[in-house]
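> return atomic coordinates for the entry below.
(2 chains)
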Amino acid sequence: MTSIADTIAGHPRSDAAIAGREATDAAAPAITMPAVSERELRLDLFRGLALWLIFVDHLPMNILTWFTIRNYGFSDATEIFIFISGYTAAFVYGRAMLESGFVIAGARIMRRVWQIYVAHVFLFTIFLAEISYVATRFENPLYSEEMGIMDFLKQPDVAIVQALLLRFRPVNLDVLPLYIVLMLFLPLILWLMKWRADVTLILSATLYALTWYFDWYLSAYPNGVWAFNPFAWQLLFVFGAWCALGGARRMSRILASPVTLWICIAYLAFAFFVTLTWHLPQLSFLMPKWLEKWMYPINKTDLDVLRFAHFLALAAITVRFLPKDWPPLKSVWLRPLILCGQHSLEIFCLGVFLAFAGHFVLSDVAGGAVMHFLISLTGILIMSGMAWVISWYKRSADKEAKKGIGNADMAGGSL
Amino acid sequence: MKAAIQRLVLLAALCAALPVRADDPAPQAPAEAPAPPACEVPAYLLNSESTLAKVAAAVKSGKPLNVLVVGSRSSTIATQEASAYPARLLLMLKERLGSLPVNLSVEIQSGKTAEEVAGSLVKLVEAKNPTLVIWQTGTYDAIRGVDPDDFRSAVDEGVTALQEAGVDVVLVNLQYSPRTETMTSVPPYLDNMRVVAQQHDIPLFDRFAIMRHWNDTGDFDLFSATHGVELAKSVHACLGRALSKFVIDAAHLDQAQQN
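Take a look at the predicted model:
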């Protein structure tokens, strides 16, 4: 599988060629592709970070959980992941659309959708194994009701078909279906963006507002709704795409203004304080009742405006204080994070799997805070190691294959 | 770090609680024997800004206190109902309220969503005529993945009906169940119950946070796979004790009795 981000880097040769071609194309389209000779490492860094945080958040509460951003504000790693996915996807396939046209780019996107779908089914298989194991082993009268979660095992045929239809999505497995749906609409989004980028963003915001107004949702199996409502979360994805296709540059003046900075800081501080009252309920008397009534619940399913704003504030501050050529981006220490971010789909899946595995170890081998910490750490090391192996494949093994030394995959053609 | 914060909180809570403890009448100790000693609940988890006015009025006027617990399967222990938290609550309330007659009935409605239960609440109130309804809900909805918004309106509807029927209401949220944490998404249901409690100004007994506290402090190991019925019994005994304190505090019954 080739991850989206890989294509960004491309190969130096083709980049030069593209830059040349872009110069000639520059007049025609409404969107412009920044001529990039170098990979945007900040995106990789933060996507890697989001993957680590998602992994830690999927484990039961432990010390490392306290380093995840959801404890310090409204938004969490999911927002980062979806935004960056929108950004990179638009970057890669937007370029493809300018160069090769709608059909070719659309076809490439569909192949990517298929890859994500297969990854999702793979994770579901692991989930089935886990839940079946727990169902046969768990014996605790205290939780006889909670064990009702295993009920779907009585009808595995229905559950599996529903899972293939993306309607049955157990906890922890709901990010990929969202991603699949968003990618499915990427050709349309890019086509609109090529026509008028700003109008596309406005349409997306309108869809978001209408979703809130009319309470649109996708239903799930056995009942309920998609944990991440695609009608609402598309806003973040489209916004990412809009930023990638020149929006970020046009916003640079707003981003550089001190007013923006202070609004962001004030909002982040407010969000931090509110989150603090969740963890230290003794402080909750400081929260005015009217504010609580207006604010709660902060809806994750429909990407609450408070969450979206929190992400925007975080992003604005990050962009301001972390320049593109920030030296540590090239350091060895951030290398693991960046590598993970560069192979997001594989590492995401691995993270979900490791979280399941970590649960096993904690409950069946040994528990305790130290073990918990070790599991989180080991998981992150494994993710980094795997990312390194994948990039080694890309760098070395695949290069050999291209020279014609042979690769079974080549018969079918690989990206 | 988290454990450390909680220790601090606990310490602060204990300090805050100390003067009150000193005034507490001592002789109630012997009857409390069955509850394991170590399952302290930090004061902030038992504080509620909302009051149970009807319970307070009933006790003050010396009327019998009728309590109705409406819950799902996690409000009972199979074949051991006498050890489940509602029965323990009755025991503790009787102890604390001395001569005052206390009656408690339990309605277990397993396998029903909050919406299904909410519709039947008024009938239950008419049949049992309680002063206080303790409504435990959320688990089944979380398992079924009911839309959290629908869940909130169902709880809201139920609480409204109960308040209109003229009874005090306490909500009890989900159990902390670390073993099924990866399979059920619990937070939206906890959040929505808190919202409803806030909007109606009724006390919410945070069973989830209390049990998690016990798991974190090592009072109970709620994670491991196999346990006999003993763990369930002890946890329920502790929950019953905590809930009795919670109800008595929210109705300000300690003061009422002193008057």
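> pull up the residues of the stretch 151-259 of chain B that are close to chain A.
For the stretch 151-259 of chain B, the residues in contact with chain A (C-beta under 8 Å from any C-beta of the partner chain) are B:152, B:175, B:177-185, B:188, B:191-192, B:194-195, B:198-199, B:209, B:212, B:221-229, B:231-232, B:235-236. From N, CA and C alone the C-beta is placed, and that goes for glycine too.
> show the buried residues in the residues you listed.
Listed as buried from these are B:152, B:175, B:177-185, B:188, B:191-192, B:194-195, B:198-199, B:209, B:212, B:222-223, B:227, B:231-232, B:235-236; burial here means 16 or more other C-beta atoms under 10 Å in any protein chain shown.
> quick one: contacts for the nearest residue to A:G240 once chain neighbours are set aside?
In this structure, A:G240 finds its nearest non-sequential neighbour in A:G86, 2.7 Å apart by C-beta to C-beta, 6 or more residues apart in numbering or on different chains. With contact set as C-beta atoms under 8 Å, 6 or more residues apart in numbering or on different chains, A:G86 has these partners: A:182, A:236-241, A:244.
> need the helices for chain B, in chain order.
Remark: helices assigned in chain B by DSSP state H are B:2-23, B:43-46, B:53-60, B:85-97, B:114-128, B:139-144, B:148-164, B:187-200, B:207-217, B:229-250, B:253-258.
> turn the ones you listed into a markdown table, columns for distance to A:Y393.
Shown next, in a markdown table, are the helices of chain B (distance: least, C-beta to C-beta, whole Å):
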| stretch | distance to A:Y393 |
| --- | --- |
| helix B:2-23 | 39 |
| helix B:43-46 | 51 |
| helix B:53-60 | 68 |
| helix B:85-97 | 56 |
| helix B:114-128 | 51 |
| helix B:139-144 | 41 |
| helix B:148-164 | 42 |
| helix B:187-200 | 38 |
| helix B:207-217 | 42 |
| helix B:229-250 | 49 |
| helix B:253-258 | 69 |
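> give me the nearest residue to B:A197, chain neighbours excluded.
Of all residues not flanking B:A197 in the chain, B:L204 sits nearest, at 3.8 Å (C-beta to C-beta, 6+ apart).
> B:P130 too?
B:L68 (3.8 Å).
> ok, now how distant is the one you found from B:A82?
For B:L68, the distance to B:A82 equals 18 Å [C-beta to C-beta, to the nearest Å].
> who has more neighbours, the two?
B:L68 (24 against 12; other C-beta atoms under 10 Å in any protein chain shown).
> distance check, the more buried one against A:S344.
Per C-beta to C-beta, B:L68 is found 52 Å from A:S344.
> and the pLDDT for the most far-flung residue of chain A relative to its centre?
No residue in chain A sits farther from the centre than A:P141, which is 38.0 Å out by C-alpha atoms, centre = their mean. Note on A:P141: pLDDT of 86.
> that one against B:T76, yeah?
No: applying C-beta atoms under 8 Å as the test, A:P141 and B:T76 come out as separate, 9.9 Å apart.
> residue ranges with poor pLDDT in the stretch 251-400 of chain A?
A:367 (pLDDT under 70).
> tell me how many other residues crowd the nearest residue to B:N129 once chain neighbours are set aside.
Closest residue in space to B:N129, ignoring its immediate chain neighbours: B:N66 at 6.1 Å, by C-beta to C-beta, 6+ apart. Applying other C-beta under 10 Å, we find 19 residues neighbouring B:N66.
> and the pLDDT at B:N66?
95.
> and for B:N129?
pLDDT at B:N129 comes out at 93.
> burial count for it?
By other C-beta under 10 Å, the residues close to B:N129 number 12.
> how close does it get to chain A?
Distance from B:N129 to chain A, counting by C-beta to the nearest C-beta, to the nearest Å: 28 Å.
> from B:S153, how far off is that residue?
In terms of C-beta to C-beta, B:N129 sits 27 Å off from B:S153.
> wait, A:F55 touches A:T378, no?
No: checked against C-beta under 8 Å, the pair A:F55 and A:T378 is beyond contact range at 11.0 Å.
> more neighbours: which of these two?
Using other C-beta under 10 Å as the criterion, A:F55 and A:T378 rank with A:F55 on top: 27 against 14.
> residues in contact with that one?
A:351-352, A:354-355, A:376, A:379-380, A:383.
> could you export the residues you listed as TSV, including neighbour count, secondary structure and distance to A:A159?
Output for the contacts of A:F55, formatted as TSV (neighbours: other C-beta atoms under 10 Å in any protein chain shown; DSSP: H, G, I helix; E, B strand; the rest coil; distance: C-beta to C-beta, whole Å):
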residue	neighbour count	secondary structure	distance to A:A159
A:G351	26	helix	23
A:V352	24	helix	18
A:L354	22	helix	24
A:A355	22	helix	21
A:S376	22	helix	30
A:G379	23	helix	27
A:I380	20	helix	32
A:M383	25	helix	29
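> excluding chain neighbours, what is closest to A:G148?
B:I143 (4.7 Å).
> which residues are in contact with the one you found?
By C-beta under 8 Å, 6+ apart, the contact set of B:I143 is A:145-146, A:148-149, A:151, B:184.
> A:L164 now?
By C-beta under 8 Å, 6+ apart, the contact set of A:L164 is A:V121.
> try A:Q162
Residues near A:Q162 by C-beta under 8 Å, 6+ apart: A:168, A:221.
> may I have the phi/psi pair for it?
Reported as degrees, to the nearest 10, the phi and psi values for A:Q162 are phi -60, psi -40.
> which ones are touching A:T65?
Neighbouring residues of A:T65 by C-beta under 8 Å, 6+ apart: A:56-57, A:59, A:71, B:2.
> next, work out how far apart it and A:L245 are.
36 Å.
> ok and the residue in the stretch 151-259 of chain B nearest chain A?
Distance from chain A to each residue of the stretch 151-259 of chain B (C-beta to the nearest C-beta) is smallest for B:A232, at 3.9 Å.
> interface residues of the stretch 151-300 of chain A facing chain B?
A:151, A:170-172, A:215, A:217, A:220, A:222-225, A:227, A:279-282, A:285, A:289, A:292-293, A:296-300.
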